[in-house]
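Asks: no FASTA, just this:
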């Protein structure tokens, strides 16, 4: 099979189309023919040499795919060759085939295009786990999503609204912020021109955000704490603008707030299996009735993976970039 490998740490030019071994499933695994692979910021970090794959994962990047079942492991039930599926991967999605634990595979939701479905698994699992399991988001609470125009952000806006929360987002530029309103946000802040702390406090009647989902990291830590409501929960899932910052413990204590940090890729298989099951139970109905939909910015041929990385790094993407073999 063909796949995209990384010739060494560096820029997009380090991505190379290579011949890789065809995949064979273990007893509890499936092999999928890939229809599409999602491009994530974690892939950019892996290419740069700062986010190595977990033990046992393929060396080539890619954390989510859609496709059809090609081979079924001996101990797997409920799946047949030809079934349409999406998969949450430990790695290896930039290829014509992937091997994945059956517990990390979901059926393509009814009404969703097979190629576009690859925009869902990584983002939806990340969002559900962090908004509900970690953030304990409840109806009528205020949710602040940073990077609302990104692959995770566009899903977080929709899931938050479907859960009955009031969703505020930040995005770069008025046009991008306003597009988030169409996804279900109640407030959209252009972070280049506006103060999101003041905007969220005004919109919430002085309450602040009960949950903040943050991909920015250090640069937003102090402002996130100031934006939090009493008993608020700050959930950090990215460090796009720094990993180290000073934490004002006095403000944290006064707000009775919580700061949590999570990653998905390094979770053990049983935790990923639980998250995937929860997504099937709670989020897939939202997708099938139209409350949550994949947001796709571009479909790019697998052989042009370097261009896909350049596009994601440009900051001009709204939603997900997909690679199509």
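Replies: Received, thanks. Predicted, not measured: the structure shown is a model, and the values here were computed from it. Residues are numbered from 1 along each chain as shown.
Asks: low-scoring pLDDT stretches of the stretch 201-325 of the chain, where are they?
Replies: Low-confidence segments of the stretch 201-325 of the chain (pLDDT under 70): none present.
Asks: if you skip the residues just before and after it, what's nearest to residue 122?
Replies: residue 64 (4.0 Å; CB to CB, 6 or more residues apart in numbering). Yep, even glycine has a C-beta here, placed from its N, CA and C like the rest.
Asks: residues near the one you found, how many?
Replies: Neighbour count of residue 64, defined by other CB atoms under 10 Å: 28.
Asks: Write down the beta-bridge partners of it, one by one.
Replies: Bridge pairing for residue 64 (DSSP bridges) gives the partners residue 88.
Asks: On the pLDDT front, check it for me.
Replies: Residue 64 is assigned 98 on the pLDDT scale.
Asks: Over to the one 4 residues further on?
Replies: pLDDT for residue 68: 98.
Asks: For the stretch 51-200 of the chain, which segments count as strands?
Replies: All strands of the stretch 51-200 of the chain, identified by DSSP state E, counting those that start in this stretch, fall at 64-72, 84-88, 97-101, 105-107, 142-145, 166-171, 187-190.
Asks: Residues in contact with the first one: which ones?
Replies: Right, the one you point to is strand 64-72. With CB atoms under 8 Å, 6 or more residues apart in numbering as the test, strand 64-72 has contacts from 23-25, 30-38, 40, 79-89, 93, 97-98, 108, 114-123.
Asks: can you give me how far that strand is from the chain middle?
Replies: Counting by CA atoms, centre = their mean, to the nearest Å, strand 64-72 is centred 20 Å from the centre of its parent chain.
Asks: orientation of it relative to strand 97-101 in degrees?
Replies: Here the directions of strand 64-72 and strand 97-101 differ by 80 degrees (axes from the mean of the first three to the mean of the last three CA atoms, to 10 degrees).
Asks: Report the inter-axis angle for strand 64-72 versus strand 84-88.
Replies: Taking the same axes, to 10 degrees, one finds strand 64-72 and strand 84-88 inclined to each other by 120 degrees.
Asks: how many neighbours does residue 99 have?
Replies: Residues lying near residue 99 (other CB under 10 Å) number 21.
Asks: where along the stretch 101-250 of the chain do the helices fall?
Replies: For the stretch 101-250 of the chain, applying DSSP state H, counting those that start in this stretch gives helices covering 121-128, 151-162, 174-181, 196-203, 221-227, 249-255.
Asks: contacting residues around the third one?
Replies: What it means is helix 174-181. Contact with helix 174-181 is made by 148-149, 153-154, 157, 169-171, 188-190, 193, 318, as judged by CB under 8 Å, 6+ apart.
Asks: Report the two of those residues separated the most.
Replies: 154 and 193 (20.9 Å; CB to CB).
Asks: between these two, which one's more packed in?
Replies: The residue with more neighbours, out of residue 154 and residue 193, is residue 154; 32 against 10, by other CB under 10 Å.
Asks: From residue 305, how far out is the closest residue to that one other than its chain neighbours?
Replies: Here the nearest residue to residue 154 in space, its sequence neighbours aside, is residue 295; by CB to CB, 6+ apart that works out to 4.2 Å. Distance, residue 295 to residue 305, using CB to CB, to the nearest Å: 20 Å.
Asks: Also residue 182?
Replies: Counting by CB to CB, the gap from residue 182 to residue 305 is 30 Å.
Asks: do residue 49 as well
Replies: Distance of residue 49 to residue 305, given as CB to CB: 17 Å.
Asks: more crowded one of these two?
Replies: Comparing residue 49 with residue 305 by neighbour count (other CB under 10 Å), the higher total belongs to residue 305, at 28 against 12.
Asks: Hmm, that one is touching residue 5, no?
Replies: No - Residue 305 is beyond contact range of residue 5, at 9.8 Å (criterion: CB atoms under 8 Å).
Asks: and for the two, which residues touch both?
Replies: Jointly contacting residue 305 and residue 5 under the rule CB under 8 Å, 6+ apart are 15, 17.
Asks: count of neighbours near residue 81?
Replies: The burial count assigned to residue 81 is 12, neighbours taken as other CB under 10 Å.
Asks: Over to residue 70?
Replies: Neighbour count of residue 70, defined by other CB under 10 Å: 19.
Asks: again with residue 87
Replies: Residue 87 has 26 nearby residues by other CB under 10 Å.
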